[in-house]
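**Student:** Fold the following and give me the result.
(chains A and B)
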Amino acid sequence: MNIVLPPMWFFNVDILIEVFSFAVISMFSFLCIKNYKLTKDKKFLYLGGSFSLMTLAQLAVTITKAMLFYNASFVGAGGEIVIPLNLFDFISVFYTVGFFIYRIGILFGLYAIYKAPKDIFEKESLLVLYFIIIVALFSQQIAHLFHITALIILLLIIKKYYDVYRKNEDKGTLILISAFTGLALSNAIFIFARLMSPIYVTASIIALISYITLLVLIVRILEYGKNNGKKKKQNGYNI
Amino acid sequence: MVKIMVKKRSRMDIISDMLKLIRSREGRIKPTHLMYKANLSHTQMNMYLGELVEKGLVEKNCKEKINEIVITKKGNEFLVRYLQMKEFEGVFGL
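**Tutor:** Numbering: from 1, shown residues only, chains lettered A, B, ... in the order given. Predicted coordinates:
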């Protein structure tokens, strides 16, 4: 199994970034479920499902990386490492399953965000799921295949929310687009992470900035409710 | 002539409009003011107000012959959650 790792000094920061990403994505899941409980509208359930998938994926990668960083004596100065897969070795099976869940969860979660508010469990999605499983399996050997696929789905998501922004001209949608653009950029940089360890660090920091942007969006949504629905700059009247 | 199609307000929109109005007036409003400001007929107003009182979102307050409708803590919380939901819906274009 091929894994691209950060330099050793960055291990702890990398884990913290994963924990932070997990917290931010789980907040979106929680918001969707809360909205679904209030309205019983399935569109919130579908979007919440996609964020929940990504939450599960982030949890899997956080635990797997923590185990890998603190358990593996073979981890050198960073860069790409190859873990020999021994089916009878619990640890190597654990890494394989952990990264596999992460890749499937992130890719299918992103695809579900792209499809939302439509139901993701329709026939054509089964075909997409099949290809995502193939990509996740091959990514065990060709690590950058995962990032290329994530980048393509993220570009589709950016296009989708750009169309939404053209209709609603909501600053919140613009923040959302910025966050997804950051994630797309980070995935584009991750493709080359095997070349030099600073590339991994740069991509991780861009991902962190994207998740901070998503957190800003959450705070904005929560503040909007407390502010009687008034935005700072607004034309027209509120009743 | 330009025809402007105005989307009809849903039940939830009307309820949130009523609660927003009450909250914007320091939490209390006279029923007639609420009726006019929320663009409701007398019948609609009584129907929605009955529902709001029944669910504990507002209270009718009759002090010194002045009729007032007061938003409750539950009403305030409901409004916050509803507005957050609307903002979320708008951001994601749902």
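
**Student:** Identify the single longest helix in chain B, thanks.
**Tutor:** Secondary structure of chain B per DSSP state H: the longest helix is helix B:73-91.

**Student:** List the buried residues of that helix.
**Tutor:** Under the neighbour-count criterion of 16 or more other C-beta atoms under 10 Å in any protein chain shown, helix B:73-91 has B:75-76, B:78-80, B:82-91 buried. Quick note: C-beta positions are derived from backbone N, CA and C, even for glycine.

**Student:** Intersect those with the contacts of chain A.
**Tutor:** B:Leu79, B:Val80, B:Tyr82, B:Leu83, B:Gln84, B:Met85, B:Lys86, B:Glu87, B:Phe88, B:Glu89, B:Gly90, B:Val91 (C-beta under 8 Å from any C-beta of the partner chain).

**Student:** Can you lay out those residues as TSV showing pLDDT and distance to A:Tyr200?
**Tutor:** Below are these laid out as TSV (pLDDT from 0 to 100; distance: C-beta to C-beta, whole Å):
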residue	pLDDT	distance to A:Tyr200
B:Leu79	89	46
B:Val80	90	42
B:Tyr82	90	44
B:Leu83	90	41
B:Gln84	90	37
B:Met85	91	39
B:Lys86	89	40
B:Glu87	91	36
B:Phe88	92	33
B:Glu89	90	37
B:Gly90	89	36
B:Val91	91	31
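
**Student:** Write out the residues of chain B neighbouring chain A.
**Tutor:** Of all the residues in chain B, those lying near chain A are B:12, B:17, B:20-21, B:23-24, B:37-38, B:79-94, going by C-beta under 8 Å from any C-beta.

**Student:** now for the helix or strand encompassing B:Arg23, which elements pack on it?
**Tutor:** Element membership for B:Arg23, per DSSP states H and E: helix B:11-24. Counting contacts by 3 or more C-beta pairs under 8 Å, 6 or more residues apart in numbering or on different chains; DSSP states H and E, helix B:11-24 packs against strand B:28-29, helix B:31-37, helix B:42-54, strand B:58-63, strand B:66-71, helix B:73-91.

**Student:** Dump the ones you listed to CSV, plus distance to A:Asp14.
**Tutor:** Output for the helices and strands packed on helix B:11-24, formatted as CSV (distance: least, C-beta to C-beta, whole Å):
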stretch, distance to A:Asp14
strand B:28-29, 54
helix B:31-37, 55
helix B:42-54, 51
strand B:58-63, 51
strand B:66-71, 48
helix B:73-91, 29
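
**Student:** Flag every buried residue along the helix or strand harbouring A:Tyr165.
**Tutor:** Taking DSSP H and E as the criterion, A:Tyr165 maps to helix A:144-168. By neighbour count on 16+ other C-beta under 10 Å, the buried set for helix A:144-168 is A:144-147, A:149-151, A:153-158, A:160-161, A:164-165.
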